[in-house]
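> Next come a sequence and a model predicted from it.
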Amino acid sequence: MPSGLLSTLNIVPILASATGEPYFAYLLLGVMILLAAGFACTPLILSAFLAPKKPGEIKESAFECGLESKGDPWVQFNVQYYLYALAFVIFDIEVIFLYPWAVAFTGLSFGAFLAMGIFILLLAESLIYLWIKGVLTWK
Amino acid sequence: MTTENLSAGMDLDDTTRSELERAGVIVSKVDSLYNWARGGSVWPLTFGLACCAIEMIASATSRFDISRFGSEVFRPSPRQADLMIVSGTVTKKMAPQVVRIYNQMPEPKWVIAMGACAISGGPFKQGYNVLKGIDRYIPVDVYLPGCPPRPEAVLQSLNYLQEKIRTQDIKSDPAFTKGRRQYPVPKFTGKDLEPPYNPQVWQPPANPNVKPLEEATA
């Protein structure tokens, strides 16, 4: 432990004996966490005791809005959103691989070019498959 | 002054109080301390209806600076606000929403009716679609006249409200008693509001031109 960091604490006799301990910094951290938690929680607990409680049906409703909420929040989504998300992930990753490949293109061997060509062809095949399956047309 | 006075919890008279203050002792009730603190941190709702809202917004800018009076925290949620500044024309279509939002604010809460429209319908009083005063549905604490009132007037109405808060009796005020409370939300039928007013907070003024029934028949 660097002595300069806690040198001001030497004026307190109890702490002065503790500064030599190997985990003294963690004790300070613990005290700090307790203080922070107390600082955050005390107003919450105090307001729970001091605040006047005057409930009402509208006040207890889930949404704070001038308009009454209508309908059921459990709505069904079109499954095509999911397929679109999958297709997006495939080509998003392709772009991530294409960028470094394009930057280092001139310095790469023919084997690297071939490997990348196969990778792009595989993804192109998946695009064609999606196309044939009709995922790309929104119904 | 005797010690009996203090132990009995009686109010000190003004001369004793000023004597103590000269000696460097401030004597106060917990109530007045509580009210003083509450009055200094009134949080208005971010809520504007018409042109008066522009003046309300201006009162929060650096030129007028409502934060000098502790009310700079315009809350976007009614759950965190205790002051509703009804700033502008309340149309009949909008009135149910205003009352509903007022109901969602925690107690104790206050209302400033800002501008002629919120007080009485103002220049649109004859309009078929304008509510003739928000005080027909919710209790208004400060009426702030003007069309629109200047930001300085908004600050003064806040000062009046703070004065009112400082004299509020915590023991008897219904906001502090136990139990449920809700102001009925009117329904907009497409033509008018149903009911036309909340009889608990507003009654139509007596018409001096109409004599009571007994006098008319006599």
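It's in.
> mind listing the helices in chain B by residue range?
For chain B, applying DSSP state H gives helices covering B:3-7, B:14-22, B:30-39, B:52-59, B:95-104, B:115-120, B:151-166, B:213-217.
> JSON lines for these, including mean neighbour count, distance to chain A and mean pLDDT?
Yep, even glycine has a C-beta here, placed from its N, CA and C like the rest. Shown next, in JSON lines, are the helices of chain B (neighbours: other CB atoms under 10 Å in any protein chain shown; distance: least, CB to the nearest CB, whole Å; pLDDT from 0 to 100):
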{"stretch": "helix B:3-7", "mean neighbour count": "9", "distance to chain A": "25", "mean pLDDT": "43"}
{"stretch": "helix B:14-22", "mean neighbour count": "11", "distance to chain A": "26", "mean pLDDT": "82"}
{"stretch": "helix B:30-39", "mean neighbour count": "14", "distance to chain A": "9", "mean pLDDT": "87"}
{"stretch": "helix B:52-59", "mean neighbour count": "21", "distance to chain A": "15", "mean pLDDT": "94"}
{"stretch": "helix B:95-104", "mean neighbour count": "21", "distance to chain A": "3", "mean pLDDT": "94"}
{"stretch": "helix B:115-120", "mean neighbour count": "25", "distance to chain A": "16", "mean pLDDT": "93"}
{"stretch": "helix B:151-166", "mean neighbour count": "18", "distance to chain A": "14", "mean pLDDT": "94"}
{"stretch": "helix B:213-217", "mean neighbour count": "7", "distance to chain A": "39", "mean pLDDT": "62"}
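> Report the separation between the closest residue in space to residue A:135 that isn't next to it in sequence and residue A:120.
Counting by CB to CB, 6 or more residues apart in numbering or on different chains, residue A:135 lies nearest to residue A:83, which is 4.8 Å off, once chain neighbours are set aside. Between residue A:83 and residue A:120 the distance, using CB to CB, to the nearest Å, works out to 21 Å.
> Quick one: residues contacting residue B:134.
Residue B:134 is in contact with B:86, B:90, B:95, B:98, B:111, B:113, B:118-119, B:140, counting by CB atoms under 8 Å, 6 or more residues apart in numbering or on different chains.
> Can you get me a residue count around the residue nearest to residue A:135?
Neighbour count for residue A:83, taken as other CB atoms under 10 Å in any protein chain shown: 15.
> on contacts alone, who are the packing partners of whatever helix or strand it lives in?
Using DSSP states H and E, the element containing residue A:83 is helix A:79-103. Here helix A:79-103 touches helix A:110-133, going by 3 or more CB pairs under 8 Å, 6 or more residues apart in numbering or on different chains; DSSP states H and E.
> Skipping adjacent residues, who's closest to residue 94 in space?
Going with chain A. Residue A:94's closest residue in space is residue A:123 (CB to CB, 6+ apart), at 5.1 Å.
> Chain B, not that one
Counting by CB to CB, 6+ apart, residue B:94 lies nearest to residue B:49, which is 6.6 Å off, once chain neighbours are set aside.
> what about the one you found, how many neighbours?
For residue B:49, the neighbour count with other CB under 10 Å is 22.
> Would you agree it is in contact with residue B:88?
Yes - Residue B:49 is within contact range of residue B:88, at 3.5 Å (criterion: CB atoms under 8 Å).
> still on that earlier bit, can you read off the pLDDT for the residue nearest to residue A:94?
Predicted confidence (pLDDT) for residue A:123: 89.
> That one against residue A:92, yeah?
No - Residue A:123 is beyond contact range of residue A:92, at 10.9 Å (criterion: CB under 8 Å).
> of these two, who's got more company?
Higher neighbour count among residue A:123 and residue A:92: residue A:123, with 16 against 9, using other CB under 10 Å.
> picking up where we left off before, contact partners of the helix holding residue A:83?
A:108, A:112, A:116, A:119-120, A:123, A:126-127, A:130, A:135-136, A:138-139.
> Quick one: residues contacting residue B:173.
Per CB under 8 Å, 6+ apart, neighbours of residue B:173: residue B:108.
> can you do 10 Å?
A:52, B:107-108 (CB atoms under 10 Å, 6 or more residues apart in numbering or on different chains).
> quick one: contacts for the closest residue to chain B within chain A?
Residue nearest to chain B within chain A: residue A:66 (3.0 Å; CB to the nearest CB). Applying CB under 10 Å, 6+ apart, we find residue A:66 in contact with B:47, B:78, B:94, B:96-102, B:104, B:185.
> what about 6 Å?
Going by CB atoms under 6 Å, 6 or more residues apart in numbering or on different chains, residue A:66 touches B:97, B:100-101.
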